[in-house]
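[1] only geometry, no sequence info:
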């Protein structure tokens, strides 16, 4: 699978379907899908790492809290998450490192604004050995 996600039709917001061979890869690919939608990351060098820890009541809640926490790095600190590393999921808890860019001053790389991650239509499931998530972003 070359691209770990695809955009789905949605009337007002942005909906994506993300894939992963493992649950950890699904969460990494969901972060990639969100930030690949926000900006062109290829030309921005990563500079630092942040430890991310989130919990959820189930996998969908964990996905929501994961993406919301990563999006806050962009909205609060103006740093883009260009990658994730060492994702560990145990029960409904996730620990990972987010690879971040320096605070962004040149906004020419931006493609779309994502205001929030929504619970509406959020799904995480395993079908035929492949993990899939469907997420709607408020744009």
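    Arrived safely, thanks for sending. Small disclaimer: the values here were computed from a predicted structure and weren't measured.
[2] name the element the most centrally placed residue in the chain belongs to?
    With distances taken as C-alpha atoms, centre = their mean, residue 31 lies nearest the centre of the chain, 2.1 Å away. Element membership for residue 31 (DSSP states H and E) is helix 23-38.
[3] for residue 17, list each beta-bridge partner.
    residue 6, residue 134 (DSSP bridges).
[4] my bad, should have said residue 90
    Bridge pairing for residue 90 - DSSP bridges - gives residue 93.
[5] how about residue 127?
    Counting by DSSP bridges, the residues bridging with residue 127 are residue 130.
[6] check it and give its pLDDT.
    Residue 127 carries a pLDDT value of 92.
[7] for it, the count of nearby residues, please.
    7 (other C-beta atoms under 10 Å). For glycine as for every other residue, the C-beta is placed from the backbone atoms N, C-alpha and C.
[8] gap between it and residue 78?
    37 Å (C-beta to C-beta, to the nearest Å).
[9] repeat for residue 27
    23 Å.
[10] of these two, who's got more company?
    residue 27 (27 against 13).
[11] which ones are touching the closest residue to the more buried one other than its chain neighbours?
    Nearest residue to residue 27, sequence neighbours excluded (C-beta to C-beta, 6 or more residues apart in numbering): residue 87, at 5.5 Å. Residue 87 is in contact with 24, 27, 28, 94, 95, 96, counting by C-beta atoms under 8 Å, 6 or more residues apart in numbering.
[12] now the buried members of the residues you listed.
    24, 27, 28, 94, 96 (16 or more other C-beta atoms under 10 Å).
[13] which one of those is nearest residue 57?
    Comparing these against residue 57 with C-beta to C-beta places residue 94 closest, at 12.9 Å.
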